[in-house]
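Novice: Show me how the following folds:
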Amino acid sequence: MQLPPIGLGTMGIEDAETIATALECGYRHLDTAQVYGNEDVVGEGLARSTVPREDVVVATKVWADSLAPGSVRETTAESLERLGLDGIDLLYVHRPIEAYEPDRTLPAFDELCDEGTIGGVGLSNFSVAELETAADVLEAPIAAHQVEYHPLFQPVDVLEHARENEYPLVAYSPLANGRAGEIDAVVDIARRRETSPEAVCLVWLAAKDGVVTIPKASSREHLEANLEALELELDVDELERIDAVERTEELFPE
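Specialist: Prediction:
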């Protein structure tokens, strides 16, 4: 699946106007989830926008307690109603826990894909072993894999799997959940580049082949700043400095 280098993570966004503003600023990838409780907000923002529906990738996720086959179909229909859409471009298994059983869950996603209800099957928060199992079960190719990825948590193994299998890795919480300004290497590079630590994190991720990212932003200022960050280019030494940051802080474990 072709995804823009930066999309909008919507967890915690409760104002439809934020979604409409993001689309006006140039965002073309909106990421939500059933468990966020704001699919209706995303749908309303999309409806308010003049951006054609076909120009926007809308992604949502089926939560872990709804991954039995019947629940997948039922809750996807509910997501469509809340979003006000006829189809979802990218539907994720949110986490491979609770009701998730590969041999039962994933065929339900395949059926939705075959019917045209969804455009692609995504996985989220999977290990490499879980990705391999899913790939063996799915008829559809893995359309994307979404994981936490920022300087304090760098799951390089799943990135390599994405590259080897030619699907995008979608990095959530790219700004380390507000901690970008606490990472010494990032702060030092930002000072020398006369930019923000947040911009440095986004550029560092964007420089990685096969990675796209979905930072959350609510104000027009921050929405625009995240897009403008792509105008910055870090040199190899700077990228390697961030790669070398100690990777111990998974902020959203299972």
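
Novice: So for stretch 175-194, mean pLDDT?
Specialist: Mean pLDDT, computed over stretch 175-194, is 94.

Novice: quick one: buried residues of it?
Specialist: Residues of stretch 175-194 classed as buried under the neighbour-count rule (16 or more other Cβ atoms under 10 Å) are 175-177, 179-180, 183, 185-186, 189-190. Just so you know, the C-beta spots here come from the backbone N, C-alpha and C atoms, and that holds for glycine as well.

Novice: cool, and stretch 144-161?
Specialist: For stretch 144-161, the neighbour count (16+ other Cβ under 10 Å) marks 144-155, 158-159, 161 as buried.

Novice: Take the residues you listed and keep only those in helices.
Specialist: If you go by DSSP state H, these have 158-159, 161 in helices.

Novice: thinking again about what came up before, using JSON lines, lay out the buried residues of stretch 175-194 together with distance to Gly120 and secondary structure.
Specialist: Converted to JSON lines, the buried residues of stretch 175-194 look like this (distance: Cβ to Cβ, whole Å; DSSP: H, G, I helix; E, B strand; the rest coil):
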{"residue": "Leu175", "distance to Gly120": "26", "secondary structure": "coil"}
{"residue": "Ala176", "distance to Gly120": "28", "secondary structure": "helix"}
{"residue": "Asn177", "distance to Gly120": "27", "secondary structure": "helix"}
{"residue": "Arg179", "distance to Gly120": "31", "secondary structure": "coil"}
{"residue": "Ala180", "distance to Gly120": "30", "secondary structure": "helix"}
{"residue": "Ile183", "distance to Gly120": "33", "secondary structure": "coil"}
{"residue": "Ala185", "distance to Gly120": "35", "secondary structure": "helix"}
{"residue": "Val186", "distance to Gly120": "32", "secondary structure": "helix"}
{"residue": "Ile189", "distance to Gly120": "35", "secondary structure": "helix"}
{"residue": "Ala190", "distance to Gly120": "35", "secondary structure": "helix"}
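
Novice: With respect to His222, which of those is nearest?
Specialist: Leu175 (10.1 Å; Cβ to Cβ).

Novice: picking up where we left off before, which pair in the buried residues of stretch 175-194 spans the largest distance?
Specialist: Farthest pair in the buried residues of stretch 175-194, by Cβ to Cβ: Asn177 and Ile189, 19.5 Å.

Novice: Check which helix or strand the residue lying closest to Trp204 once chain neighbours are set aside maps to.
Specialist: Leaving out its chain neighbours, the residue that sits closest to Trp204 by Cβ to Cβ, 6 or more residues apart in numbering is Ile242, at 4.8 Å. Remark: Ile242 resides in helix 236-243, with elements defined by DSSP states H and E.
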